[in-house]
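Undergrad: return atomic coordinates for the entry below.
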Amino acid sequence: MQINHQPKPPSKVCSDIPLPVESIILRALEKDPNNRFQSIEDLVGAINEDNEERTVVEPARGIVSDSVVLPPTTEIMERRLRQPRLFIVGAAAAAIATFATVFLLFKPVRTNELKQPVERAEIATPERREEPKQVIKKDVTLVFRTTPGGARVFHNNNELGTTPLGIEFQKSDQAATFKIELSGHRPQEVTLIPNSDLEVTRSLERVEKPRRPKAKKVEKIRIVDPE
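TA: Numbering: from 1, shown residues only. Model (predicted):
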């Protein structure tokens with residue numbers, strides 16, 4: 001699930017939402033991860049900072065006649081502050097929940113760790129089992145074996161690994177060419193059609209290094225002085 005469009009400002013839905021609370025919610029819903037809150041602590045800090053900036057100023061009292069009776073100041077303040085406080089707490093809780101959801105949705109998934117399949121022993125039961133439906137495979141398994149082993153296997157100049165090697169390859173009816181190389185041996189190319197599981201076995205021919213010609217032995221000539 002991803003947010004593919006700019007979210008509608010909360011003030012367009014409810015006109016009583018204060019602008020600072022709206023800015024916190026919109027920042028939590030930013031599509032760019034760098035513009036969002038990087039942690040729950042950052043979100044809570046922004047909410048606390050907004051609450052600290054909200055100061056209550058008691059209205060100035062003017063000169064009134066004796067016939068006008070003013071309600072108690074505490075009662076006025078409680079009436080004015082009760083609803084905003086409840087709204088701010090609710091909006092903050094909604095913003096935290098929204099940020100947590102977005103943070104989990106956009107959290108990068110680590111793909112470097114390969115999960116090894118776990119073999120589980122099945123207990124035979126006399127009950128009749130339904131036969132599994134046929135599954136159409138999108139990939140095929142290609143296995144490369146060489147003699148000697150340790151040869152490097154390439155496809156489109158990309159190294160896939162060393163033999164013995166098993167890989168998952170895109171199923172296709174078009175031919176694919178693989179290159180097998182091993183130091184001191186003649187490289188080989190293998191062309192196959194990966195439309196089913198295949199196993200390739202190759203024996204690599206060793207290349208003998210050219211021998212250097214031996215240096216000719218120079219015989220020393222001894223010169224004898226005549227008497």
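Undergrad: list the buried ones in the longest strand seen in the chain?
TA: For the chain, the strand with the greatest residue count under DSSP state E is strand 139-147. Within strand 139-147, the residues that count as buried by 16 or more other Cβ atoms under 10 Å are Val140, Leu142, Phe144, Thr146. The way it works is simple: take the backbone N, C-alpha and C, and place the C-beta from them, glycine included.
Undergrad: repeat for stretch 200-210
TA: Those would be Val200, Leu204, for stretch 200-210 by 16+ other Cβ under 10 Å.
Undergrad: start and end of that stretch, how far apart?
TA: In stretch 200-210, first residue to last residue: 31 Å (Cα to Cα, to the nearest Å).
Undergrad: average pLDDT for that stretch?
TA: Average pLDDT, stretch 200-210: 88.
Undergrad: before we move on, what about stretch 17-24?
TA: For stretch 17-24, the per-residue pLDDT averages 78.
Undergrad: paired strands for whatever helix or strand Glu168 lives in, with orientation please.
TA: Per DSSP states H and E: Glu168 is located in strand 165-170. If you go by DSSP bridges, strand 165-170 pairs up with strand 139-147 (antiparallel).
Undergrad: how much space between Arg152 and Glu159?
TA: 6 Å (Cβ to Cβ, to the nearest Å).
Undergrad: between these two, point out the one with more neighbours.
TA: Using other Cβ atoms under 10 Å, the more surrounded residue of Arg152 and Glu159 is Arg152, with 17 against 11.
Undergrad: tally of neighbours for the nearest residue to that one once chain neighbours are set aside?
TA: Spatial nearest neighbour of Arg152, excluding adjacent residues (Cβ to Cβ, 6 or more residues apart in numbering): Glu181 at 5.0 Å. By the criterion of other Cβ under 10 Å, Glu181 has 16 neighbours.
Undergrad: Glu181 reaches Phe154, doesn't it?
TA: Yes - counting by Cβ atoms under 8 Å, Glu181 touches Phe154, with 7.0 Å between them.
Undergrad: which stretches of this structure form helices?
TA: Secondary structure of the chain (DSSP state H): helices at 10-13, 19-28, 40-53, 73-105.
Undergrad: can you show me the CA trace of the third one as CSV?
TA: Once side chains and other backbone atoms are set aside, the C-alpha atoms of helix 40-53 remain, and they are given as CSV (Å, rounded to 0.1, in the frame of the first residue of the first chain):
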residue,chain,number,x,y,z
ILE,A,40,8.2,8.7,16.9
GLU,A,41,10.3,10.9,19.2
ASP,A,42,10.6,13.6,16.6
LEU,A,43,6.8,13.6,16.1
VAL,A,44,6.1,13.7,19.9
GLY,A,45,8.7,16.6,20.2
ALA,A,46,6.9,18.6,17.6
ILE,A,47,3.5,18.1,19.3
ASN,A,48,5.0,19.1,22.7
GLU,A,49,6.6,22.2,21.1
ASP,A,50,3.3,23.2,19.6
ASN,A,51,1.6,22.8,23.0
GLU,A,52,4.2,25.0,24.7
GLU,A,53,3.6,27.7,22.2
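Undergrad: which other helices and strands does it contact?
TA: Contacts defined by 3 or more Cβ pairs under 8 Å, 6 or more residues apart in numbering; DSSP states H and E place helix 40-53 against helix 19-28, helix 73-105.
Undergrad: do the same with the second one
TA: Helices and strands in packing contact with helix 19-28 are listed as helix 10-13, helix 40-53, helix 73-105; criterion 3+ Cβ pairs under 8 Å, 6+ apart.
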